[in-house]
Structures are given as structure tokens and as C-alpha cells.
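Participant: Compute the structure for the input listed below.
(one chain, ligands or ions: 1)
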Amino acid sequence: MSLIVTGSRSVSRVINTVQMREGAGFLVRRPFPTQTLMDFDPFLLLDHLGPVNYGPGQAVGAPDHPHRGFETVSYILEGKWQHKDSQGNSGVLSGGDVQWMTAGAGVVHSEMPEDEFFRTGGRLHAFQLWVNLPRVDKMIRPRYQDIPAAGIPEAFTEDNLVKVRVIAGEALGVKAVVDTRTPIMFLHFTLQPGGKVCQLVPANYNAFAYVIDGQGQAGSEERAVKEGQMVAFAQDGEEVLLSVSDEAEAPLNLLLIAGVPLQEPVVRYGPFVMNTEKEIYQAIADYNAGRMGKIDI
Ligand code: MN
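Facilitator: Predicted coordinates for the structure are as follows:
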């Protein structure tokens with residue numbers, strides 16, 4: 001027997017993320033994994049990088065490193081980033097671009113400030129989301145989907161107060177262009193003061209919002225939310241309500257991220273996320289033996 005649930009989801013939890021400085025002054029907020037929240041099935045990690053202003057020669061990145069067993073999604077709001085990988089792919093990401101990389105069986109990649117951006121310095125503001133792959137897909141061939149900002153579908157509510165960029169899934173009648181292995185929703189909403197939207201989120205999805213900036217209300221109880229908060233929704237309805245009061249002084253920017261939970265064991269070791277410890281040892285051995293390739297472009 002299945003339980004039919006309709007209506008608007010309530011908020012199950014609000015997590016205040018802590019802003020940290022890493023390495024050379026790199027500003028990072030990480031809603032999860034943390035000691036209080038290890039993951040949010042099917043999601044493994046969300047990093048909010050910046051916004052931070054780099055001086056000339058200050059920007060830092062992540063040189064060659066491997067991944068296996070999941071997908072990394074990079075969403076760049078400001079700055080210029082150069083990606084290269086062992087499959088021969090490369091690309092520069094900047095304002096509004098998305099890269100959806102399916103590491104699958106294994107890839108070695110680098111995520112570095114683009115040369116000119118490094119030289120001159122500038123502002124960086126970006127996100128990285130890790131999406132877990134189901135057991136049957138963990139060893140698939142790596143895949144790389146690069147979507148320039150202009151290729152990301154956008155839509156507005158009738159009153160034009162709410163804009164959505166549809167990175168994955170569907171919103172306001174518009175469908176994403178990215179292929180996902182399991183049903184995933186990744187939406188960037190911008191609500192002007194007085195804006196309100198009711199987003200369909202199927203009942204079997206696990207859903208959360210991350211507030212980039214501004215403040216507003218989320219969930220059926222219209223819980224007040226603000227910059228840096230992760231808002232987890234209960235699985236008690238098929239839509240998520242978001243709004244901003246008429247009196248707000250700034251727009252509300254947030255990511256609404258949701259997916260069908262995999263409900264499989266998660267064993268993680270740095271850049272490898274598998275189902276068993278044995279598979280982790282195999283991943284380390286494969287990487288050490290060079291079986292994930294190397295970057296030669
Ligand atoms: Mn990486």
C-alpha cells in the first residue's frame with residue numbers, strides 16, 4: 001500500500017552553515033558533510049565557494065586528483081575556472097556555466113583558476129555539489145556535460161517576480177538539458193520582493209534549499225530563512241513553497257536541490273564514494289596503478 005501525500009512540504013530542519021577560510025584565504029561554506037549531517041541522500045556534499053575577491057596571483061584551485069563512484073556538479077556564478085580531465089575534456093567555466101561530470105569508474109581532473117583570472121585576480125563565487133551514483137552505475141564510463149550559461153533554460157512566473165534557472169529537473173514549465181542518472185532537481189531561484197513560487201517536488205524526492213543571499217520564507221509554515229542556511233524539507237507533500245515579503249530590501253537567491261534517495265550503503269574515502277570498504281581499496285589500487293588515467297592536454 002502506498003501513502004498518497006499531497007500539499008505543501010514543511011521544514012524538517014534548518015542548518016546554519018559556518019563560513020570557513022581554507023588555504024590561501026579561500027572562503028567556503030559547507031552545509032554537508034559535517035559532524036551534524038553526513039549526507040543528504042542522494043547528495044554527498046555541497047560547497048559554497050566565496051564570494052571572495054582575489055588579488056593578482058592569489059586564486060587557488062584543486063590540481064590533479066581522482067574521483068570514482070559519483071558525480072561532481074560545478075556551478076560558477078562569478079570568476080573563471082579551467083577544468084581538465086583524463087578523458088581529454090577541458091573547458092573554461094564562468095558566470096552562470098554548469099559542468100556536470102559523471103566520474104563513474106574513475107577520472108582524474110583538475111579544477112584551477114583560468115590563467116588570465118589568476119594573473120589579474122577577481123571575484124569568485126561558485127558551488128560544487130556531489131551527487132551519488134546508484135550501485136549499478138558506480139563503474140560506468142565517465143561522462144562530461146558542459147552547459148554554457150546561455151544553454152541553461154530559464155523561466156519566470158507570470159508576474160515576473162520569480163526567475164528560475166533550470167539546471168536539472170523541471171520548473172515553471174521548463175525542462176533542463178542535463179541528463180541525470182537518477183531523477184535529480186537542481187534549480188536556482190531568484191525571488192524579488194513580493195515574489196512567491198510553489199515548486200512541484202515529487203513525494204519520493206528528498207529535498208533541501210540552500211540560501212545564497214537575501215532572506216525570505218520557506219515551507220508550508222513559512223519559516224524565515226536567510227543567507228547561509230540549509231533548509232531540509234520533510235517528505236510530507238508534493239510541492240515546496242518559497243516567498244519573499246513585499247518589504248524585503250533585496251532579492252532572495254537560493255538553490256532548490258532534490259533527488260530520489262538511493263538508500264544504499266555509503267562508504268567514502270576522500271574522492272572515492274562506493275558501497276563497500278573492499279570497493280574503496282580497489283579504487284585506491286586502481287588510482288595508484290594509473291588505471292584512472294592522467295591529464296595530458
Ligand atoms: Mn574534483
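Participant: low-confidence ranges in the protein?
Facilitator: For the chain, the stretches flagged by pLDDT under 70 are 1-6, 22-25.
Participant: What segments of it are helices?
Facilitator: 115-120, 277-288 (DSSP state H).
Participant: Distance-wise, check the residue nearest to Gly55 when sequence neighbours are not counted relative to Glu114.
Facilitator: Spatial nearest neighbour of Gly55, chain neighbours left out: Gly121 (4.6 Å); criterion: C-beta to C-beta, 6 or more residues apart in numbering. C-beta coordinates here come from the backbone N, C-alpha and C atoms, glycine included. According to C-beta to C-beta, to the nearest Å, Gly121 and Glu114 sit 12 Å apart.
Participant: For His67, which of the helices of the chain is the nearest?
Facilitator: Smallest distance to His67 across those (C-beta to C-beta): 9.4 Å, for helix 277-288.
Participant: Against which helices or strands is the closest one packed?
Facilitator: strand 267-269, strand 272-274 (3 or more C-beta pairs under 8 Å, 6 or more residues apart in numbering; DSSP states H and E).
Participant: which of these sits most buried?
Facilitator: Across the helices and strands packed on helix 277-288, the average number of neighbours (mean count of other C-beta atoms under 10 Å) peaks for strand 272-274, which reaches a mean of 24.
Participant: Mind giving me the packing neighbours of it?
Facilitator: strand 267-269, helix 277-288.
Participant: export those to TSV and tack on distance to Thr157?
Facilitator: Putting these into TSV (distance: least, C-beta to C-beta, whole Å) gives the following:
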stretch	distance to Thr157
strand 267-269	39
helix 277-288	45
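Participant: Could you check which of Gly121 and Glu114 is surrounded by more residues?
Facilitator: Counted by other C-beta atoms under 10 Å, Gly121 and Glu114 do not tie: Glu114 has more neighbours, with 18 against 15.
Participant: Spatially central, which residue of this structure would that be?
Facilitator: Closest residue to the average C-alpha location of the chain: Leu129 at 3.1 Å, with C-alpha atoms, centre = their mean.
Participant: Am I right that that residue is in contact with Phe186?
Facilitator: Yes - counting by C-beta atoms under 8 Å, Phe186 is a contact partner of Leu129 at 7.0 Å.
Participant: Ok, which of the helices and strands packed on helix 277-288 comes nearest Ile147?
Facilitator: Closest to Ile147 of those is strand 272-274 (C-beta to C-beta; 23.4 Å).
Participant: what's next to that closest one, contact-wise?
Facilitator: For strand 272-274, the external contacting residues (C-beta atoms under 8 Å, 6 or more residues apart in numbering) are 44, 66-70, 130, 132, 138, 266-268, 280, 283-284, 287.
Participant: Okay then, goodbye and thanks.
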